[in-house]
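1. turn this into a model:
(one chain, ligands or ions: 1)
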Amino acid sequence: MAQINPSILSADFARLAEEAKAVEGADWLHVDVMDNHFVPNLTLGVPIVEALSKATDTPLDCHLMIEDADRWAPQYVEAGAGSVTFHVEAAAAPVRLAREIRAKGARASMALKPATPIEPYEDLLPELDMLLIMTVEPGFGGQAFLDIMLPKIRRTRELISKHGLELWLQVDGGVSATTIERCAEAGADVFVAGSAVYGAEDPAQAVRALRVQADTATAAAAWACGH
Ligand SMILES: O=C(CO)[C@@H](O)[C@H](O)COP(=O)(O)O
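-> Alright, predicted model coming up:
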């Protein structure tokens, strides 16, 4: 089943605990950590992740859009994240880092910016629990989905299948009722949605509706493949 992870970047930061509760029923809460160096925006860090992890039963999916990922990522596991995503562009030793995240008890995930290809990292896939393909330039919510990322999603799904891996394939950026089906058909199974969830009148209902759309598109694509 598709997983829908609301991005708190689109939530009200003055009411983070309530905003986390508003999407209980979501699979994970996506926490955007930005340092104003790796991306031109600044959000939150370890203390807020620690507080959020105590404020909600939904596991935290921390997406680190920060430099020096090797140094910081383990601290997010200690702060209570269930999944930690580092950018390959910001990690000096991605294999060592993925192993450290797993050894500390979290799921290890690696993200690729839109211009970063998947092919050079094929051999790293077994070290990961999830791969994140950015479908916008990281840094801000509310941007338009980059259709040109669909072939990369498709190629990544093929590599995952070729290696027989259990790896989750996450997409993030511009995911909404109008784009989620294309992502699911291309092979994504974890969907981050910020404005499409927190901009909705009923965020929990928006999560359920996106999940149904993704599941329907995945099933239709599988049926079409078999015929
Ligand atoms: O990481 C990011 C942006 O850098 C995302 O998580 C966005 O926050 C998603 O927001 P929408 O595009 O869904 O509004």
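
2. from now on I want contacts and neighbour counts done on CA atoms only, so please keep to that.
-> Noted.

3. buried stuff in stretch 42-52?
-> Going by neighbour count (16 or more other C-alpha atoms under 10 Å), the buried part of stretch 42-52 is 42, 45, 46, 49, 50, 52.

4. show residues contacting the least confident helix or strand in the chain by mean pLDDT.
-> Lowest on mean pLDDT, DSSP states H and E among the helices and strands of the chain sits helix 203-225, with a mean of 95. Applying C-alpha atoms under 8 Å, 6 or more residues apart in numbering, the contact partners of helix 203-225 are 1-4, 6, 22-26, 176-177, 180-182, 184-185, 187, 189, 196-197, 200.

5. what is the end-to-end distance of stretch 133-146?
-> 11 Å (C-alpha to C-alpha, to the nearest Å).

6. no wait, stretch 23-41
-> Stretch 23-41 end-to-end distance (C-alpha to C-alpha) = 24 Å.

7. looking at the buried residues of stretch 42-52, spot the one nearest the ligand.
-> residue 42 (10.7 Å; C-alpha to the nearest ligand atom).

8. thought that closest one was touching residue 32?
-> No - using C-alpha atoms under 8 Å, residue 42 makes no contact with residue 32, being 9.5 Å away.

9. need the buried residues of stretch 42-52 in a markdown table (columns: pLDDT and secondary structure).
-> Shown next, in a markdown table, are the buried residues of stretch 42-52 (pLDDT from 0 to 100; DSSP: H, G, I helix; E, B strand; the rest coil):
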| residue | pLDDT | secondary structure |
| --- | --- | --- |
| 42 | 98 | strand |
| 45 | 98 | coil |
| 46 | 98 | helix |
| 49 | 98 | helix |
| 50 | 98 | helix |
| 52 | 97 | helix |
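
10. tell me the contacts of residue 7?
-> 29, 30, 31, 32, 192, 193, 194, 195.

11. tell me which entries of the residues you listed lie within strands.
-> Among the contacts of residue 7, the members falling in strands (DSSP state E) are 29, 30, 31, 32, 192, 193.

12. and the residue lying closest to the third one once chain neighbours are set aside, what element?
-> The shortest distance from residue 31 to any residue that is not its chain neighbour, by C-alpha to C-alpha, 6 or more residues apart in numbering, is 4.7 Å, and that residue is residue 62. Here residue 62 is covered by strand 60-65, with elements defined by DSSP states H and E.

13. that strand near the ligand anywhere?
-> No - Strand 60-65 stays clear of the ligand (C-alpha under 6 Å from any ligand atom), getting no nearer than 7.0 Å.

14. for the remainder of this discussion, apply numbering that starts at 633.
-> Sure, I'll start numbering at 633, so the last one becomes strand 692-697.

15. which secondary structure elements does the very next helix or strand once past that strand contact?
-> Heading C-terminal from strand 692-697, the first helix or strand you meet, by DSSP H and E, is helix 701-710. Using 3 or more C-alpha pairs under 8 Å, 6 or more residues apart in numbering; DSSP states H and E, the elements in contact with helix 701-710 are helix 678-687, strand 715-719, helix 726-735.

16. and the angle from the second one to helix 701-710?
-> The reference is to strand 715-719. 170 degrees (axes from the mean of the first three to the mean of the last three C-alpha atoms, to 10 degrees).

17. still on that earlier bit, for the least confident helix or strand of the chain, what is the distance to the chain centroid?
-> Its chain's C-alpha centre and that of helix 835-857 lie 17 Å apart, by C-alpha atoms, centre = their mean, to the nearest Å.
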